[in-house]
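[1] next come a sequence and a model predicted from it.
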Amino acid sequence: MFRKFNQSRFLITASSGALLFLVLVGLVFWGLNGEETENLPQPGALSKEKPVQLSTLTEKQNKLLAQYISRDITFNSPAKTMTTQYEIKGGQTLMAILIKGGVKQTNAYQSIKALRKIFDPRDLKKGTKIQIHFKEFEADKKIFDGFELKFSASQSIVVRPDANQNFLPQRVNRSLTDTNVRINGKIRSSLYVDATRSGLSPEVIVEAIRLFSWDVDFQRDIKRGDSFDILVPRRYLPDGTFVEWGDINFAALTLKGITKRIYRFKNDKDEIEYFDEKGLSSQKTLMKTPIDGARLSSRYGRRKHPILRYTKMHRGIDFAAPIGTPIYAAGNGKIVFVGRKGAYGKYIRIRHNSRYSTAYAHLSGYRKGIRRGKRVQQGQIIGYVGSTGRSTGPHLHYEVLVMGKQINPLKMKLPPGRKLRGNELVSFKRNRNEIDRLINRLPPLE
């Protein structure tokens with residue numbers, strides 16, 4: 001007796017008597033009085049390679065057809081798929097993630113072994129997304145159906161089992177089409193809020209803020225009435241499905257009537273950098289604020305100490321933030337001190353060059369691998385906000401030292417970044433002019 005299925009497919013595998021079975025099936029339904037047969041499958045459609053859609057059978061049809069079913073014919077309900085997505089974090093291995101996702105250790109090992117034929121899993125970077133696939137059958141039976149490493153919207157590696165449960169790896173390259181959009185507007189409350197209302201995604205806005213962060217203090221320099229203008233591509237699959245936002249091609253901020261412009265440029269090493277109109281890098285030697293989203297709670301200068309209760313020189317600036325907030329290296333350099341330092345609590349000092357150093361105090365902890373003598377890159381996480389040492393609450397105490405003497409970080413004139421010269425400058429100007437022409441003919445997105 002057939003079980004009734006709504007919109008199900010039956011996969012029919014016939015024995016050596018399958019041909020006779022199909023002929024008899026046709027005769028049975030052809031002879032049914034007053035029964036509809038127009039939705040029944042043709043005999044040629046019943047093969048183990050191609051599942052077919054059967055219409056719902058009446059009780060009479062079920063009884064007649066059941067007479068011709070042999071023991072060798074099996075009916076399997078279709079598999080439902082289940083996908084779980086994870087993201088690589090620092091220190092995680094692919095094996096650990098697969099097992100955490102419910103994959104048996106043997107299957108995890110075999111699938112990773114297959115992956116190694118085209119990609120070394122040790123090269124996986126933090127932030128890479130992993131989709132783990134399962135097939136679900138009746139009675140809650142779950143079968144591992146492989147995984148996909150998503151490096152970007154256009155590039156991934158898929159590892160899936162074949163009919164014999166042998167895992168096979170395959171690189172997938174999806175063709176994406178870029179469509180530039182221009183979004184601008186006035187700032188009424190904050191750049192983040194007003195740019196979001198204008199249609200920009202949060203990740204694009206955060207990137208724009210980062211690009212200007214060497215010159216602009218976004219907590220104090222932005223005023224009502226200032227404006228922004230951003231040119232950025234939206235990326236689509238060939239079928240028109242939106243996938244992601246691309247890299248910012250151009251961004252401008254007008255603050256107090258003065259406009260700062262930056263342009264995207266691919267240098268001779270195929271690295272992406274941003275420069276102003278004259279080819280001067282937007283990235284300076286040091287960052288003014290090596291922490292995101294923090295409130296300036298204490299400035300540089302003489303103040304009444306909150307614990308000692310007498311006036312004392314405060315030779316840095318404080319940023320109030322929750323415990324655990326990441327702290328970034330203000331510039332490229334070498335760590336010259338890591339550890340406890342009296343009233344500073346947990347402390348890090350970085351020497352950037354023969355002239356500049358920076359210091360970070362009251363940390364709750366250090367990033368794994370941070371040690372004396374290690375070289376760090378600008379923007380790299382080095383530690384986390386805490387309240388160690390002589391502190392009344394969680395905050396970062398940040399110092400900039402010039403020739404060993406603390407100065408006011410908010411008033412220092414930042415050393416300039418790289419300046420393009422020669423052929424690179426010629427290429428940049430050509431690229432800049434093309435972007436300017438595009439901006440002039442592209443109306444802002446409504």
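    Nice, I can see it. All of these numbers come straight from a predicted model, not from anything done at the bench.
[2] element containing residue 157?
    strand 155-161 (DSSP states H and E).
[3] direction included, what does that strand pair against?
    Partners of strand 155-161 in the sheet, by DSSP bridges, are strand 142-150 (antiparallel), strand 167-173 (antiparallel).
[4] deepest of these, which one?
    strand 142-150 (a mean of 19; mean count of other C-beta atoms under 10 Å). Every residue, glycine included, has its C-beta placed from N, CA and C.
[5] remind me which residues of the protein are low pLDDT?
    The chain contains residues with pLDDT under 70 at 1-79, 137-140, 217, 219-220, 293-314, 414-416, 445-446.
[6] which ones are touching the residue nearest the centre of it?
    Geometric centre of the chain, nearest residue: residue 127, 5.7 Å, by C-alpha atoms, centre = their mean. By C-beta atoms under 8 Å, 6 or more residues apart in numbering, the contact set of residue 127 is 87-88.
[7] that one belongs to a helix?
    No. Counting by DSSP: H, G, I helix; E, B strand; the rest coil, residue 127 falls outside a helix, being coil.
[8] contacting residues around residue 248?
    204, 207-208, 211, 230-232, 264, 274.
[9] tabulate those residues in TSV, adding columns for secondary structure, distance to residue 120 and neighbour count.
    Output for these, formatted as TSV (DSSP: H, G, I helix; E, B strand; the rest coil; distance: C-beta to C-beta, whole Å; neighbours: other C-beta atoms under 10 Å):
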residue	secondary structure	distance to residue 120	neighbour count
204	helix	32	21
207	helix	29	17
208	helix	35	22
211	helix	33	18
230	strand	37	24
231	strand	37	22
232	strand	33	22
264	strand	31	20
274	strand	32	20
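[10] of the residues you listed, which is the nearest to residue 324?
    The closest of the contacts of residue 248 to residue 324 turns out to be residue 207 (C-beta to C-beta; 23.1 Å).
[11] name the nearest residue to that closest one, sequence neighbours excluded.
    residue 248 (6.0 Å; C-beta to C-beta, 6 or more residues apart in numbering).
[12] what's the answer for residue 225, then?
    residue 186 (6.5 Å).
[13] partner residues bridging the one you found?
    Under the criterion used (DSSP bridges), residue 186 bridges to residue 227.
[14] so what's the residue count around it?
    Counted with other C-beta atoms under 10 Å, residues neighbouring residue 186 total 12.
[15] which residues sit in contact with it?
    With C-beta under 8 Å, 6+ apart, residue 186 has these contacts: 194, 225-227.
[16] and if you look at residue 245?
    Neighbour list for residue 245: 201, 203-204, 232-235 [criterion: C-beta under 8 Å, 6+ apart].
[17] cool, residue 275 as well?
    Here residue 275 is in contact with 262-263, 265, 281-282, 420, 428 (C-beta under 8 Å, 6+ apart).
[18] can you give me the strands for the stretch 251-400 of the chain?
    With DSSP state E, counting those that start in this stretch as the criterion, the stretch 251-400 of the chain has strands at 258-266, 272-275, 295-298, 301-304, 311-314, 317-320, 326-328, 333-340, 346-351, 356-366, 375-376, 381-385, 395-402.
[19] same list, these, but as a markdown table with distance to residue 434 please.
    Converted to a markdown table, the strands of the stretch 251-400 of the chain look like this (distance: least, C-beta to C-beta, whole Å):
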| stretch | distance to residue 434 |
| --- | --- |
| strand 258-266 | 10 |
| strand 272-275 | 14 |
| strand 295-298 | 40 |
| strand 301-304 | 47 |
| strand 311-314 | 49 |
| strand 317-320 | 40 |
| strand 326-328 | 33 |
| strand 333-340 | 36 |
| strand 346-351 | 38 |
| strand 356-366 | 36 |
| strand 375-376 | 36 |
| strand 381-385 | 36 |
| strand 395-402 | 38 |
